[in-house]
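Participant: attaching a predicted model along with its sequence, questions to come.
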Amino acid sequence: PPDVEQLGRATWTFLHTTAAYYPEKPNSSQRANMLMLLRSLPVLYPCTWCADDFGENIQKSPPDVSGRTALSKWLCERHNEVNQKLGKERFDCAKVDERWKDGPPD
Ligand code: FAD
């Protein structure tokens, strides 16, 4: 079976970075493909209990693919739900661009 922690870090890196660089005004193809990417996780993610819980998580809170700011916030909130489940600290979603796009202020 995969290393669930390493897989998780790699997957969150991919997802948050992809959200950070998603267009502010996505076209219909970009929106549709982002929805497919996110909806495929509960089906394909190779940690089955993670995938099942994430599926319930996004049933309750459907993806907001309307633009990069909304998507980044939505994903941050979903990640925080996983953090909470695992007893990890919540991440301040106001800092999501600093973490995944801009880097620390100088
Ligand atoms: P991670 O949680 O991997 O976070 C990586 C980095 O992201 C952090 O160092 C921090 O800088 C940043 N970060 C943290 N929180 C946020 C946030 N809310 N928004 C933006 N950036 C943030 N593991 C399980 O054991 N059980 C599960 O059910 C489970 N479900 C998962 C579901 C999904 C969809 C994914 C992608 C992963 C899941 N994992 C699960 C893995 C788990 O979330 C962690 O990735 C893993 O435990 C490693 O944690 P970490 O402390 O290294 O940091």
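Facilitator: Alright, I've got the coordinates. Numbers count the residues shown, from 1 in each chain.

Participant: any idea which element the residue nearest to E89 when sequence neighbours are not counted lies in?
Facilitator: Distances taken as CB to CB, 6 or more residues apart in numbering place N83 nearest to E89, at 6.6 Å, with adjacent residues excluded. The way it works is simple: take the backbone N, C-alpha and C, and place the C-beta from them, glycine included. Following DSSP states H and E, one finds N83 within helix 68-85.

Participant: now what about that helix, what contacts it?
Facilitator: 12, 15-16, 19-24, 34, 50, 53-54, 57-58, 61, 63-65, 88-91, 93, 96-97, 100 (CB atoms under 8 Å, 6 or more residues apart in numbering).

Participant: show the buried residues in those residues.
Facilitator: Neighbour counting over these (16 or more other CB atoms under 10 Å) leaves 15-16, 19-20, 22, 34, 50, 54, 57-58, 63, 65, 93, 96, 100 as the buried ones.

Participant: from the residues you listed, pick the one nearest the ligand.
Facilitator: C50 (3.1 Å; CB to the nearest ligand atom).

Participant: for W49, see how far away T18 is.
Facilitator: Distance, T18 to W49, by CB to CB, to the nearest Å: 24 Å.

Participant: compare those two (neighbour count), which wins?
Facilitator: A count of neighbours by other CB atoms under 10 Å puts T18 above the other of T18 and W49, at 17 against 9.
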